[in-house]
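K.L.:
This is a predicted model, with the sequence first.
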Amino acid sequence: MADAPQAKYRKDYQPPSHTITQISLTFDLHDTQTIVTAVSQVKQVGKSHTLTLDGEGLELVSVKVDGTSWSEFKQSEGQLEISNLPAEFELTIDTKINPEDNTALEGLYKSGGAFCTQCEAEGFRRITYYLDRPDVLAVFTTKVIADKSNFPFLLSNGNRVESGDLENGRHWVEWHDPHPKPAYLFALVAGDFDVLRDKYVTRSGRNVELEIFVDKGNLDRANHAMVSLINSMKWDEERFDLEYDLDIYMIVAVDFFNMGAMENKGLNVFNSKYVLANTQTATDADYLGIEAVIGHEYFHNWTGNRVTCRDWFQLSLKEGLTVFRDQEFSSDLGSRSVNRINNVRIIRGPQFAEDASPMSHPIRPEKVIEMNNFYTLTVYEKGSEVIRMMHTLLGEDGFQKGMKLYFERHDGTAATCEDFVAAMEDASGVDLKQFRLWYSQSGTPTVSVTTSYDDAAKTYTMTVVQKTEPTLDQEEKQALHIPFNVELYTQAGDVIELQCNGEPVSNVLDVKQSSQSFVFENVSSRPIPSMLREFSAPVVLEYDYSDEELIFLMSQARNDFARWDAGQMLLAKYIKANVEKVQAGGDVSVSSEVVDAFRGVLLSETLEPAFIAEMLALPSHNEVSGWYKQVDVDAIAHVLKSIKVQLANELHDELTAVYHSLNQQEYSIEHASIGKRALRNIALSYLAFTEQGNGLVLSQYDSANNMTDTIAAMNAANSAQLECRERLMSDYSDKWTHDGLVMDKWFALQGTNPAKDALDKVKSTMSHAAFSLKNPNRTRSLVGAFFNMNPVQFHSVTGEGYQFAGEILRELNSSNPQVASRLIDPLLKFRKYDPKRQALIKAELEKLKAMDNLAKDLFEKVTKALAS
Ligand code: B3K
Ligand code: ZN
């Protein structure tokens, strides 16, 4: 490659030399030649009379200062340096861009027939030369001009102020956003859509027009998004006392989008996956995903837009906090325990894996080459856990006081993570000095607990030792402030009140040292401890539980999460023991007590079906792989499948009874119905591995009246490799070939196909009429699923999976580096495999590294991995 891309460091932050208070943009939209005119009011704030603007892939047409042509500028790689400037001036820049050729989907591009933009993190510089940094906040006015018949809707941020017709069938609309914002929140959309309209009246009486724009013909799929939006607006008023602040809120669904959605002020642009749903096209999981993402983007209006980030190293300031808010929203509207379980699965699976990978970074990274690489599970999900820990330490009241103070201090400005913690601390009086380390320290801490009971003194001592292993980015680790939520039970299942030094103490212990003992008094007999309740910190818990204790907690713990977690720990014990057995040539088996414990869960009349379904779900191959330094892909797959088969056979009668008892005639998206379907379908996923599997799956597929049940049948046929699989797959593809979004579920099944010839099938599927490597959703569904969720076939020792990955990555490196950079993740952890696989993966990474046009995105990851 030419020049190695340079890293930026958090410690090097400098305030901008100039600020831009207002910008007026005009877009003359044409597919290959769009002219952008940017008129900015610029003020010098530092000493320099030179203004250095960011710009990528732009054709500069002209530069004017205060209306006269200016020649004192220099263009270089990614920059425009304008010199000898007055202290205050109007800067006019004309640039030409080519939206049609923009396959990277960053800046202004075409999605299907529509123009749309994606500017976060640094996409605005692909539209015009600008101070493309989040601490420059300007008031935007945007005029959009385009052909009227092809683009009847011309949208941008804020409120619509004027419109008119032009010659040649063109028209224009002007928008004004009164809230100063950084360029990354700018958006423009032009196209022809169907619009779902509604209204919302805020608590203080402001009328807000709600508009959801979807491709023509998709109006019947926009309803759930609208309901979710209204629920979000209401929830933010009730729980966080936050109201919407413009007269209009628009959401546009597009098919070509690199991520889930984008919170542009007043004009969210969404991946159609997170908008479109009806009972025939979307699963329950899709419905819940839409609710969460609509909520997430809406909540950004305050946490992200009103208070934004000073620099991109602070990304978790808005993302961790907004994920926390969307998780709370989903939990308040649905099942709190099920939501918590699913969030914890993400942390324990892919987030812990990221923490242990060459990409390991703190939630507030110190060093970045390509910012798009840091929209990670660590910044988002672990970031949310860090917010959640503060919530645990401060309580809801203290936390809300902290939020109030945060907005009082920082509304309308660009802030830092430190500003947020300081507001929390100042508002509550809780000392968060040591807690701040969570922002700067990467890696996953392990908390190892030992206990002892003193019968004579009636004391129970819990010794907690914390340790964080070095990570590639950071050798030295310090002790963190870990809120450690515990509860003690008597053998009879009663809760023991916690007392230390003669005083009652809170369930949340402040673990702050590398080793710390807690002595609980007045404990009349050896108790059973429930620890890390609610997953009170993103750590690995180590404690030598007996089977009996875990089985006790599965049925007796007072809270659902603790019960689920005990079940997971029990499964983990058996999975680990069986992996060892298999490696030594033995067979897989699970004790009858364990089977009985799961039988008890299955037959419980008090637990919610949705929760029982979670209890019965085995940890994923990826999560189990994370437990090992060296991963034995085949042994893990064999053990997981064998445990499934054993449970299926031994619980056959109960599973069958549950399966039939939960049949629902009518489909509804109520939480109770979702729960019943979840339990029924997990029962089916087990029964698929028994003799009656093929018949049951087939009849469910044939009688399903909703997508959840259809996909559950197909999933079961796929993972148990049932005879009916081919029939189902071809029936579905015949029915849905015209609809890429619905076909994504089918592509994912091809990707996760456990059959030996899966790779050949994946390759031939790439010529399916509905597939295109240009579309990120299609690519992630087929190729991404194969790389990430088909461990046995992807990691085949032939190396063919890796070679295929290499080919795909080389192609995407040129067309869409952001998508390539997501897909490469499973290859980065190559050190976790045996020497043969390591060598094969490494060869692919080396080939990528040798490319002369390697994008920054892949460069950053490949070089880190090879250095590991
Ligand atoms: N803020 C956007 C993500 C932008 C990703 C840029 N590569 C969506 C969100 O987190 O809400
Ligand atoms: Zn976000």
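P.N.:
Yep, that arrived. Ligands and ions are numbered 1, 2, ... in the order given.
K.L.:
Quick check: residues of the protein near ligand 2?
P.N.:
319, 322 (CB under 5 Å from the ion). For glycine as for every other residue, the C-beta is placed from the backbone atoms N, C-alpha and C.
K.L.:
Residue ranges in the chain under the pLDDT threshold?
P.N.:
Scanning the chain for pLDDT under 70 picks out 1-2.
K.L.:
Kindly list the longest helix within it.
P.N.:
In the chain, ranked by residue count with DSSP state H as the criterion, the top helix is helix 383-410.
K.L.:
on contacts alone, who are the packing partners of it?
P.N.:
The elements that helix 383-410 packs onto, with contact taken as 3 or more CB pairs under 8 Å, 6 or more residues apart in numbering; DSSP states H and E, are helix 315-333, helix 417-428, helix 437-440, strand 482-489.
K.L.:
Export only the CA atoms of the shortest one, formatted as CSV.
P.N.:
Pointing back at helix 437-440 there. Extracted C-alpha coordinates of helix 437-440, given in CSV (Å, rounded to 0.1, in the frame of the first residue of the first chain):
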residue,chain,number,x,y,z
LEU,A,437,-11.3,3.4,35.1
TRP,A,438,-14.0,1.6,33.2
TYR,A,439,-13.7,4.3,30.5
SER,A,440,-9.9,3.8,30.0
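K.L.:
so how far is that helix from its chain's centroid?
P.N.:
With CA atoms, centre = their mean, to the nearest Å as the basis, helix 437-440 stands 20 Å off its chain's centre.
K.L.:
Buried ones in it, by neighbour count?
P.N.:
Using 16 or more other CB atoms under 10 Å as the test for burial, helix 437-440 gives 437-439.
K.L.:
tell me which of the residues you listed is nearest to ligand 1?
P.N.:
residue 439 (18.4 Å; CB to the nearest ligand atom).
K.L.:
residues near the closest residue in space to residue 233 that isn't next to it in sequence, how many?
P.N.:
The shortest distance from residue 233 to any non-neighbouring residue, by CB to CB, 6 or more residues apart in numbering, is to residue 200 (5.3 Å). Per other CB atoms under 10 Å, the neighbour tally for residue 200 reads 17.
K.L.:
quick one: residue 200 and residue 230 touch, right?
P.N.:
Yes: counting by CB atoms under 8 Å, residue 200 does reach residue 230; the two are 5.8 Å apart.
K.L.:
who touches both of those two?
P.N.:
Here residue 200 and residue 230 have residue 210 as joint contacts, going by CB atoms under 8 Å, 6 or more residues apart in numbering.
K.L.:
Residue 162 falls within a strand, correct?
P.N.:
Yes: using DSSP: H, G, I helix; E, B strand; the rest coil, the secondary structure at residue 162 is a strand.
K.L.:
I'd guessed it sits against residue 174; true?
P.N.:
Yes: applying CB under 8 Å, one finds residue 162 in contact with residue 174, separated by 4.6 Å.
K.L.:
These two: who's more crowded?
P.N.:
More neighbours surround residue 174 than the other of residue 162 and residue 174, with 20 against 10 (other CB under 10 Å).
K.L.:
Mind listing the residues bridging to the more buried one?
P.N.:
Beta-bridge partners for residue 174, by DSSP bridges, are residue 143, residue 162.
K.L.:
and it, what is it in contact with?
P.N.:
141-144, 160-163 are the contacts of residue 174 under CB under 8 Å, 6+ apart.
K.L.:
how about the longest helix of the chain, does it reach ligand 1?
P.N.:
No: Helix 383-410 stays out of contact with ligand 1 when judged by CB under 6 Å from any ligand atom, the minimum separation being 10.7 Å.
K.L.:
ok now that helix, how far from the chain's centre?
P.N.:
Its chain's C-alpha centre and that of helix 383-410 lie 21 Å apart, by CA atoms, centre = their mean.
K.L.:
and the direction of that helix versus that of helix 315-333, what angle?
P.N.:
Interaxial angle, helix 383-410 versus helix 315-333 (axes from the mean of the first three to the mean of the last three CA atoms, to 10 degrees): 110 degrees.
K.L.:
which stretches of the stretch 201-350 of the chain form helices?
P.N.:
Counting by DSSP state H, counting those that start in this stretch, one finds helices in the stretch 201-350 of the chain at the ranges 223-240, 284-299, 315-333, 336-346.
K.L.:
Pull out the buried positions in stretch 434-454.
P.N.:
Neighbour counts using 16+ other CB under 10 Å place 435-439, 441-445, 447, 449, 451 of stretch 434-454 among the buried residues.
K.L.:
cool, stretch 249-269 as well?
P.N.:
Residues of stretch 249-269 classed as buried: 249-259, 261-269 (neighbour count, 16+ other CB under 10 Å).
K.L.:
can you tell me which of these are up against ligand 1?
P.N.:
259, 261-263.
K.L.:
Among those residues, name the ones in strands.
P.N.:
261-262 (DSSP state E).
K.L.:
So which of the ones next to ligand 1 among the buried residues of stretch 249-269 is the closest to ligand 2?
P.N.:
Among those, residue 263 lies closest to ligand 2 (CB to the ion), at 6.2 Å.
K.L.:
The closest one touches residue 304, doesn't it?
P.N.:
Yes: with contact defined as CB under 8 Å, residue 263 and residue 304 form a contacting pair (5.8 Å).
K.L.:
show me the contacts for residue 488.
P.N.:
460, 495-496, 498, 520, 523, 527-530.
K.L.:
can you pull the contacts of residue 127?
P.N.:
Residues in contact with residue 127 (CB under 8 Å, 6+ apart) are 36, 58, 95, 97, 107-108, 117, 119, 186.
K.L.:
wait, which of those is closest to ligand 2?
P.N.:
Closest to ligand 2, out of all of these and judged by CB to the ion, is residue 119, at 13.8 Å.
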